[in-house]
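1. build me a model:
(one chain, ligands or ions: 1)
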Amino acid sequence: MTLWEDLRFYHETHSGRPILDLFKAEGRAENFSIAAGGLYFDYSKTSIDPHARGLLIRLAEASHLASRRDAMFSGGKINETENRAVLHTALRNIDASVMVDGSDVMPEVRATHARMQDFARDIRDGRITGQGGRITDVVNIGIGGSDLGPAMAAIALSPYADGPRAHFVSNVDGAHVHDVLAGLNPATTLIVVASKTFTTIETMTNAETARRWMADKIADPAAQFAAVSTAADKTAAFGIPPERVFGFADWVGGRYSMWGPVGLTLMIAIGPEHFRAFLDGGRAMDDHFRDAPFVDNMPVMLALTGLWHNQICGHATRAVLPYEQRLARLPAYLQQLEMESNGKRVAMDGSDLVIHSGPVVWGEPGTNGQHAFYQLIHQGTRVIPCEFLLGREGHEPDLAHQHRLLAANCLAQSEALLRGRSLEEARAVMAAKGLTGAELDRQARHRVFPGNRPSTTLLYPKLTPFVLGQIIALYEHRVFAEGVILGINSFDQWGVELGKELALALEPVFSGQEDGSGKDGSTRALVAWLRS
Ligand SMILES: O=P(O)(O)OC[C@H]1O[C@](O)(CO)[C@@H](O)[C@@H]1O
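-> Residues are numbered from 1 along each chain as shown. So this is what the prediction gives:
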């Protein structure tokens, strides 16, 4: 039997056992949690027991996770379908030296980081101004990995944002760029065009729109543009002066890129010192991922918990539920990080995957979600493993009572998922309300919670830049570890290409230049309706 089969067999033969029973073993909570770097990850409210954990760790070992991890950190070309190294970790370890193809790539990383810092300080301190005075607003135009990370972090770290206001435009829907620019003064706005390739249609279209918006009001719009890209020739062709271009290498994947120049808008908003603290947090998690034995290793155990729930127990989705309003965009960020990385149907060698790929990731901040979709999580027929996140304190000391309520809600949800409410308990509740007979039975059944629903909880002290760095690096390494164990390449994204190609081919059909005769009947009819 393979380890996957061992795990499935073990799950099938033990799935009738309630998770709550596992707490009869002494030290369950302590033994199935990890405290590291000020974070606390609890996975005791899952059905993973000592035997299952042992098998999962053997699975990780058998996948050569440790050597793949070391290859990643040292610049090995582990992105085999694109023949690239994977070195976003180097962006947050800027004092180190890392060799790729025989040369140290870090002097350039350091030089770009220093230029970013100078630029951010010059903007924040008013040494670089717009044509109408001090820069008040920065608009990041990018999409996917050139948007989601900094956009998520700008909200997460808003208590630290003491510079120009940060805005983000991503969607090719003109409503997005229109609505963001509508409130801004072109003479005091800086536009940062962020695109690794500088070819992405959404970003280039929005950048042109922003340039026209500026050209209407100020003499030299190019002077208020900066660019973040690996394609210096294309940024030059767009007219952005080289001193305003912040480059990075192809070994930084788009969805892993917020630690470098893609974080420029964030750096301008929160300042280089806070940005550095964010990098330091990421690096602290790198060190932990590299050094801790698997059983004490937060990213590894988070990955193994995910694999247990999806590939072994068959739960196809997982909910990410931050009890932190400022992490409102974390689920969207993780959707790209996890689903673009591990949504693959073939293994690294091109063979069909024999197990399911990564799960559907979704979520909303608590407590809002409680009043929306938690009904299904508690009483629906499908089990949805939940990942709760919660800080010990917020940034509003005068509202500490609200934070206590928030924390109580978070822990109450995982407790309710674990315990549920039995028919007898529900009957007692209904009987106390005076119901009897058939009506009591009927009403009680609606109030039963099956319980035995798994969840994990990640606790952190406070959502500082350092802690956000730890959390994001934790998830990055979790995705990496899951990908290695599944045998897939987490660093390419061929699955986004076909739609892009077809969109380009359809545009002339919409504009009437082509008749669309090669298209299927549905697509032709939809185009005809939209054009009519
Ligand atoms: O930074 P770019 O090159 O504009 O790409 C944006 C995004 O598009 C994608 O390639 C997917 O379409 C992502 O991987 C990437 O983050």
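2. for the lowest-mean-pLDDT helix or strand in the chain, the distance to its chain's centre please.
-> Using mean pLDDT, DSSP states H and E, strand 99-100 stands out as the lowest-scoring helix or strand of the chain, at a mean of 90. The gap between where strand 99-100 is centred and where its chain is centred comes out at 27 Å by CA atoms, centre = their mean, to the nearest Å.
3. now swap in stretch 39-56 and tell me
-> Taking CA atoms, centre = their mean, the mean C-alpha location of stretch 39-56 is offset from the chain mean by 23 Å.
4. what mean pLDDT does that stretch have?
-> Rounded to a whole number, the mean pLDDT of stretch 39-56 is 98.
5. list the buried residues for it?
-> Buried residues in stretch 39-56, counted by 16 or more other CB atoms under 10 Å: 39-49, 52-53, 55-56. For every residue, glycine as well, the C-beta is placed using N, CA and C.
6. residues touching the nearest residue to residue 6 once chain neighbours are set aside, list them.
-> Across the structure, with CB to CB, 6 or more residues apart in numbering as the measure, the residue nearest residue 6 apart from its sequence neighbours is residue 55 (5.6 Å). Each residue near residue 55 by CB atoms under 8 Å, 6 or more residues apart in numbering is listed here: 3, 6-7, 10.
7. near the ligand, list only the ones from the residues you listed.
-> Restricting the contacts of residue 55 to those adjacent to the ligand (criterion: CB under 6 Å from any ligand atom) removes every one of them.
8. identify the residue of the stretch 301-450 of the chain closest to the ligand, quick one.
-> Distances from the stretch 301-450 of the chain to the ligand, computed as CB to the nearest ligand atom, single out residue 340 as the nearest residue at 5.8 Å.
9. report the contact partners of that residue.
-> Contacts here follow CB under 8 Å, 6+ apart; on that basis residue 340 touches 144, 255, 493, 495-496.
10. may I have the beta-bridge partners of residue 391?
-> Taking DSSP bridges as the rule, residue 391 bridges to residue 460.
11. that one against residue 457, yeah?
-> No - with contacts defined as CB atoms under 8 Å, residue 391 does not count as touching residue 457, sitting 11.6 Å away.
12. contacts for the helix or strand encompassing residue 34, please.
-> Element membership for residue 34, per DSSP states H and E: strand 33-36. Applying CB under 8 Å, 6+ apart, the set of residues contacting strand 33-36 from outside is 40-44, 288, 292, 296-298, 301.
13. in helices only, show me the residues you listed.
-> Judged by DSSP state H, the contacts of strand 33-36 include 288, 298, 301 as members of helices.
14. how close does residue 520 sit to the ligand?
-> 23 Å (CB to the nearest ligand atom, to the nearest Å).
15. residue 35 now?
-> Relative to the ligand, residue 35 is positioned 33 Å away (CB to the nearest ligand atom).
16. could you do residue 191 as well?
-> In this view, residue 191 and the ligand are 15 Å apart by CB to the nearest ligand atom.
17. returning to that earlier point: which pair of the buried residues of stretch 39-56 spans the longest distance?
-> Using CB to CB, the two most remote members of the buried residues of stretch 39-56 are 39 and 55, lying 25.5 Å apart.
18. so which strand or helix has residue 236?
-> When elements are assigned from DSSP H and E, residue 236 belongs to helix 232-237.
19. same question, residue 181
-> Under the assignment given by DSSP H and E, the secondary-structure element containing residue 181 is helix 174-182.
20. and what of residue 498?
-> In the assignment (DSSP H and E), residue 498 maps to helix 497-510.
21. may I have the helix or strand just after that helix as PDB, with CA atoms only?
-> Tracing the chain past helix 497-510, the next element assigned as helix or strand by DSSP H and E is helix 521-531. The C-alpha atoms that make up helix 521-531 are tabulated as PDB, following Å, rounded to 0.1, in the frame of the first residue of the first chain:
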ATOM      1  CA  GLY A 521     -23.600  28.600 -31.100                       C
ATOM      2  CA  SER A 522     -23.900  29.800 -27.500                       C
ATOM      3  CA  THR A 523     -21.000  32.200 -27.700                       C
ATOM      4  CA  ARG A 524     -22.300  33.600 -31.000                       C
ATOM      5  CA  ALA A 525     -25.800  34.100 -29.500                       C
ATOM      6  CA  LEU A 526     -24.400  35.800 -26.400                       C
ATOM      7  CA  VAL A 527     -22.300  38.200 -28.600                       C
ATOM      8  CA  ALA A 528     -25.200  38.900 -30.800                       C
ATOM      9  CA  TRP A 529     -27.400  39.800 -27.800                       C
ATOM     10  CA  LEU A 530     -24.800  42.100 -26.300                       C
ATOM     11  CA  ARG A 531     -24.300  43.800 -29.700                       C
END
